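Participant: prediction below, plus the sequence it came from.
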Amino acid sequence: MSKRVKLFSILIASAILFSLIASLVYNNQFLSKPINVHAEQGFPNAGIGSVVDTLDLLNNTLFIGNVPNVGNGFLPDAIAYDSQNGYIYVADAGSNTTTVINPITGALVTNIKVGVNPDAVLYDPSNGYIYVGNYGSFRTPDSVTVINGKTNKVITNIITGYYNSPVVMTYDPQNGYIYVGNACVVTVIDGKTNTIVANITVRYFAHAILYDPQNGYIYVASSGQLEIINPTTNNVSETIKIPGSADTILYDPLNGNIYIGYHNSKILTVINGTSNKLVGNITVGTEADAITYDPQNGYIYVVNSNPFNGKGFVIVINGKTNTIVANITVGYCPDAILYDPQDGYIYVANKYSNTLSVIDGENNTIIMTIPIGNY
């Protein structure tokens, strides 16, 4: 055999071996115990044989160190509570399903097949339906899947177009409309007919959206600006500059303020909901990925994650003083958070741990961890 043929054979064998390894990693076969690495960054036990980085082949994300349980196809990305049946609905972007959980028992109720890449979920109290925003793919259109909360069955699928990416939603109880944030447009759905009644042009990609019950306006946060929609006319009535690319937004009914968190920013902006003027900024760690409000204690819970290793934590803010009162460790890459008025607990969806962390607001401690998808 010539040297050229031998070299070619070695290359082919190497390619096959690499493909097998990649396949095993993809199917979650090579996940091992986490190893502390990067001694130059203060990690102990780094050295020969330690894992340097972890590549998540499902979404092409590189993590420093050996991040456990990142690649089994379940990516809990959004969460909603149904007040009629008391269940929690979790959108799993990696499996194209919505997981239904009984928070009292922590048990799985069912998994509902929805559209491609579900990334937002909303409960409509007027009709008892759950709306799931699916940002689709290059082969499938973007859509909003409508689920009947009584039967947990899909009743319709509303097409919103291609490359619109319906990733955020809010409900307006005054007109019964669902406002879906897309790429440079807000789609308005009538909850009575489940049909699109308007498309409102906004300047940038809608990263976060909120209904303010105090003034009845819809707030759309994007990159560098906050656009305010008058639902009577379904037009943008005012635009406010904000200091970053928004990732989440919350209304605090106790003080009437609006809180905006940003991607790759350590601040949380506070805006007066009456005057729409800046109140101030709160430093919240690495970045605010999601936010919720607990009416029992008046605290605001802000989801954060370490950009280097994905370790997650929740910062607790006293809404009266806008100061941090606690810091709670949760799972890897938390991406959604919810207050459940039935049990008074806060639920955190950990994207790469595939779990829900359950926080007791009375003492701000983790009382339970619920697995998602792998039942």
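Facilitator: Here it is on my side, so go on. Numbers count the residues shown, from 1 in each chain.

Participant: any stretches of the protein with poor pLDDT?
Facilitator: 1-74, 373-375 (pLDDT under 70).

Participant: select the longest strand from it.
Facilitator: As assigned by DSSP state E, the longest strand anywhere in the chain is strand 235-251.

Participant: immediately after that strand, which helix or strand?
Facilitator: strand 257-262 (DSSP states H and E).

Participant: who does that next one touch, helix- and strand-wise?
Facilitator: strand 208-211, strand 235-251, strand 267-272, strand 290-294 (3 or more CB pairs under 8 Å, 6 or more residues apart in numbering; DSSP states H and E). Bear in mind the C-beta positions are built from the backbone N, C-alpha and C, glycine included.

Participant: got TSV for those strands, with distance to residue 198 and mean neighbour count too?
Facilitator: Supplementary listing: those in TSV, determined by distance: least, CB to CB, whole Å; neighbours: other CB atoms under 10 Å:
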stretch	distance to residue 198	mean neighbour count
strand 208-211	14	22
strand 235-251	10	18
strand 267-272	25	21
strand 290-294	27	22
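
Participant: how close does residue 351 sit to residue 152?
Facilitator: Distance of residue 351 to residue 152, given as CB to CB, to the nearest Å: 23 Å.

Participant: please apply the same query to residue 209.
Facilitator: Residue 209 is 25 Å from residue 152, by CB to CB.

Participant: let me know the secondary structure of the closest residue to residue 107 other than its chain neighbours.
Facilitator: Excluding the flanking residues, the one nearest residue 107 by CB to CB, 6 or more residues apart in numbering is residue 101, at 7.2 Å. Per DSSP: H, G, I helix; E, B strand; the rest coil, the secondary structure class of residue 101 is strand.

Participant: ok, now which ones touch residue 101?
Facilitator: Counting by CB atoms under 8 Å, 6 or more residues apart in numbering, residue 101 makes contact with 87-90, 107-109, 356, 370, 372.

Participant: can you show me the helices along the stretch 251-375 of the chain?
Facilitator: Applying DSSP state H, counting those that start in this stretch to the stretch 251-375 of the chain gives no helices.

Participant: show me where it has its strands.
Facilitator: With DSSP state E, counting those that start in this stretch, the ranges of strands along the stretch 251-375 of the chain come out as 257-262, 267-272, 278-283, 290-294, 299-305, 311-318, 323-332, 334-340, 345-350, 355-360, 365-371.

Participant: for the third one, packing partners?
Facilitator: Contacts of strand 278-283 with other secondary structure elements, assessed using 3+ CB pairs under 8 Å, 6+ apart, are made with strand 267-272.

Participant: so what does the strand it packs on touch, helix or strand wise?
Facilitator: If you count contacts as 3+ CB pairs under 8 Å, 6+ apart, strand 267-272 packs onto strand 235-251, strand 257-262, strand 278-283.

Participant: including distance to residue 314, could those strands go into CSV?
Facilitator: Shown next, in CSV, are those (distance: least, CB to CB, whole Å):
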stretch, distance to residue 314
strand 235-251, 13
strand 257-262, 12
strand 278-283, 14
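
Participant: so which of those is nearest residue 127?
Facilitator: Closest to residue 127 of the helices and strands packed on strand 267-272, according to CB to CB: strand 235-251, at 22.4 Å.

Participant: would you mind getting the angle between the closest one and strand 257-262?
Facilitator: Strand 235-251 runs at 90 degrees relative to strand 257-262, counting by axes from the mean of the first three to the mean of the last three CA atoms, to 10 degrees.

Participant: pull out the buried members of the contacts of residue 101.
Facilitator: Neighbour counting with 16 or more other CB atoms under 10 Å marks 87-90, 108, 356, 370, 372 as buried within the contacts of residue 101.

Participant: which one of the residues you listed is nearest residue 335?
Facilitator: residue 90 (10.6 Å).

Participant: now that closest one: how far from residue 119?
Facilitator: Taking CB to CB, one finds residue 90 at 12 Å from residue 119.

Participant: phi first, then psi, for the residue lying closest to residue 126 once chain neighbours are set aside.
Facilitator: Counting by CB to CB, 6+ apart, residue 126 lies nearest to residue 176, which is 5.3 Å off, once chain neighbours are set aside. The phi/psi pair for residue 176 (degrees, to the nearest 10) reads phi 70, psi 20.
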